[in-house]
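1. Next one to model:
(chains A, B and C)
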Amino acid sequence: MTMQHSEPFSFTIVITGAPYSSQAPQTAIGFARAALASGHRIDRIFLYGDGVHLASALSSPPSDEPHWPREWSQLLEAHDIPGIACIASALRRGLVDEAEKKRYELSAHNVRAPFVIAGLGEWVEAGLRSSRVIYFHGGSGA
Amino acid sequence: MSTLVVIDSAPYGDWTGREALDMAFSLAAFDQPVTLLFLGAGVNWLRKGQAPEGISQKSVEKNLSAAPIFGVEGLLADGRDCEAYGLAEADLIAGVTRVDVGSDLLHQYTHTVFAG
Amino acid sequence: MASIHTLHILNKSPDHPRFQRCLTALGPEDALMLIENGVLATTTAGRLATVSGQIYALSPDLEARGLQVDDSTFVPVDYEGMVRLTTEAGQVISW
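-> Next comes the predicted model:
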């Protein structure tokens, strides 16, 4: 770990761009790794809007392409960082965990560990607790 | 801490604005000060007389009219964008303040966020 | 190094409507960080003529797109540099 000249910061990273439709998950992981390497803490990753697709356990890119959901899962597990997909964004887009599968009597669940589904309250808390909340958006929509 | 949630996409054609509105309502629900800013094509959210039944969507005009009740502190719109989309004072839903959007405005808020 | 009031992170190409919005919102004490398609603006420097603050560009995004920058106008930074900028700025806005 490199020495820090100043106080370590705590970051929440919000990803709103989907993998394979935007560069957002890739830029965000570069940022997250650099923040950790610089001695900062990452409080949580929050997936919002199209960003929730990053939590899919069913993404199956060709083997010669980067697997962003897997890379993110591995980073979260290695550093014990909570990964949260916004429940409203996720359910609309067909991202479902075991509890929601039961609640809505769906045929399957597909959220990749260690991601969990939770409400926007997690995001509100991020703004209060983390020293910085950094957003990574898609590149085309407006 | 006060947050400015920015909507710069037109209503009905995509979901980004609705997800921005959810963010604003969540902040308000947790008693966090929040203001909405409509920019660019986003000012079309503020037009009176929306009737989206024919496209099977919920009226964003109705959603927005609940904003003050939920505790959203203000509805701001870029004055020049309103003009560009033919929105005179009389065409706007109640409670909208037209503003010049620049660093002076953004510097008044601790956080400025887009939903996507 | 002068302190940054607001760091504006811009990932949109210069043709995206939010690109110009971001430039309009830049104050004299703010800095601009170009990432992803935003780094294409380094080839259209005229469009950034109104920016009085420092302009940074993410080097992996520049390299990916085959771009080299004139260091007197744009400061290339890596991810660590970007992290550092977000801690030096009073606040950060992603466009």
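
2. Tell me the residues of chain C that contact chain B?
-> C:5-6, C:17-18, C:21, C:24-28, C:30, C:91, C:93-95 (Cβ under 8 Å from any Cβ of the partner chain). C-betas here are computed from N, CA, C, even on glycine.

3. in chain B, which helix has the most residues?
-> helix B:16-29 (DSSP state H).

4. For the spatially closest residue to B:Ser2 that is not a sequence neighbour, what are phi and psi?
-> With Cβ to Cβ, 6 or more residues apart in numbering or on different chains as the criterion, B:Ser2 has its nearest non-adjacent residue at 4.0 Å, and that residue is B:Pro33. For B:Pro33, the backbone dihedrals (degrees, to the nearest 10) come out as phi -60, psi 130.

5. Now do the same contact list for B:Pro33.
-> Going by Cβ atoms under 8 Å, 6 or more residues apart in numbering or on different chains, B:Pro33 touches B:Met1, B:Ser2, B:Thr3, B:Leu27, B:Glu73.

6. Write a PyMOL command that selects only the buried members of these.
-> Of these, the buried ones go into a single PyMOL selection, burial set by 16 or more other Cβ atoms under 10 Å in any protein chain shown:
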select buried, chain B and resi 3+27+73
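
7. Which one of the contacts of B:Pro33 is nearest to A:Ala88?
-> B:Leu27 (14.5 Å; Cβ to Cβ).

8. give the contact list for that closest one.
-> Contacts for B:Leu27 were tallied using Cβ under 8 Å, 6+ apart; they are A:Val124, A:Gly127, B:Thr3, B:Val5, B:Pro33, B:Val34.

9. tell me which parts of chain A are close to chain B?
-> When proximity is defined as Cβ under 8 Å from any Cβ, chain A approaches chain B at A:16-17, A:48-51, A:88-89, A:92, A:119-121, A:123-124, A:127-128, A:133, A:135, A:137-138, A:141-142.

10. Please pick the buried ones from those.
-> A:16-17, A:48-51, A:88-89, A:120, A:123-124, A:127, A:133, A:135, A:137-138, A:141-142.

11. Among the residues you listed, name the ones in strands.
-> Taking DSSP state E as the definition of strands, those contribute A:Val133, A:Tyr135.

12. mind listing the strands for the chain?
-> You didn't pick a chain, so chain A it is. For chain A, applying DSSP E gives strands covering A:10-15, A:41-47, A:83-86, A:115-118, A:132-136.

13. wait, I meant chain C there
-> C:4-10, C:31-34, C:55-58, C:74-77, C:89-94.

14. Could you do chain B as well?
-> B:3-7, B:34-38, B:74-78, B:96-99, B:111-114.

15. Please render these as CSV that adds mean pLDDT and distance to chain A to the earlier fields.
-> Output for the strands of chain B, formatted as CSV (pLDDT from 0 to 100; distance: least, Cβ to the nearest Cβ, whole Å):
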stretch, mean pLDDT, distance to chain A
strand B:3-7, 98, 7
strand B:34-38, 98, 10
strand B:74-78, 97, 14
strand B:96-99, 97, 20
strand B:111-114, 98, 6
